[in-house]
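Enquirer: the following comprises the amino acid sequence and a computationally predicted model.
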Amino acid sequence: MEELYSIMRDFLEVEYNQESLLCLLRAAKAAYCSEKEDLIVNSAKFYLQALQEELKVAINRLDSYIAENAKKQ
């Protein structure tokens with residue numbers, strides 16, 4: 001059960017980080033200076049890639065946990 005709570009925290013953290021990314025994208029939309037815009041867009045791309053990796057890890061953990069419990073039953 002503790003593992004499920006840990007996985008849920010991971011998903012909630014991903015959700016929080018996605019909201020942070022949304023704020024970055026809003027800032028990019030509001031910025032019209034090309035230098036600032038490039039910096040924000042590049043930051044958003046990097047952040048999105050990191051979030052995708054975190055989500056993959058959390059999903060794999062959940063899959064492993066489910067598979068282990070299925071074997072026990």
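Expert: Alright, I've got the coordinates.

Enquirer: identify the spatial nearest neighbour of Leu25, chain neighbours not counted.
Expert: Spatial nearest neighbour of Leu25, chain neighbours left out: Ala44 (5.8 Å); criterion: C-beta to C-beta, 6 or more residues apart in numbering. Backbone N, C-alpha and C define where each C-beta goes, glycine included.

Enquirer: so what pLDDT did that neighbour get?
Expert: We have a pLDDT of 84 for Ala44.

Enquirer: same question, Tyr32
Expert: On pLDDT, Tyr32 comes in at 67.

Enquirer: how many neighbours does Asn42 have?
Expert: 11 (other C-beta atoms under 10 Å).

Enquirer: tell me the contacts of the residue nearest to Arg61 when sequence neighbours are not counted?
Expert: Residue nearest to Arg61 in three dimensions, not counting chain neighbours: Ile7, with 5.8 Å by C-beta to C-beta, 6+ apart. By C-beta atoms under 8 Å, 6 or more residues apart in numbering, the contact set of Ile7 is Ala58, Arg61, Leu62, Tyr65.

Enquirer: which SSE is the first one in?
Expert: It stands for Ala58. helix 34-72 (DSSP states H and E).

Enquirer: what packs against that helix?
Expert: Packing partners of helix 34-72 (3 or more C-beta pairs under 8 Å, 6 or more residues apart in numbering; DSSP states H and E): helix 2-30.
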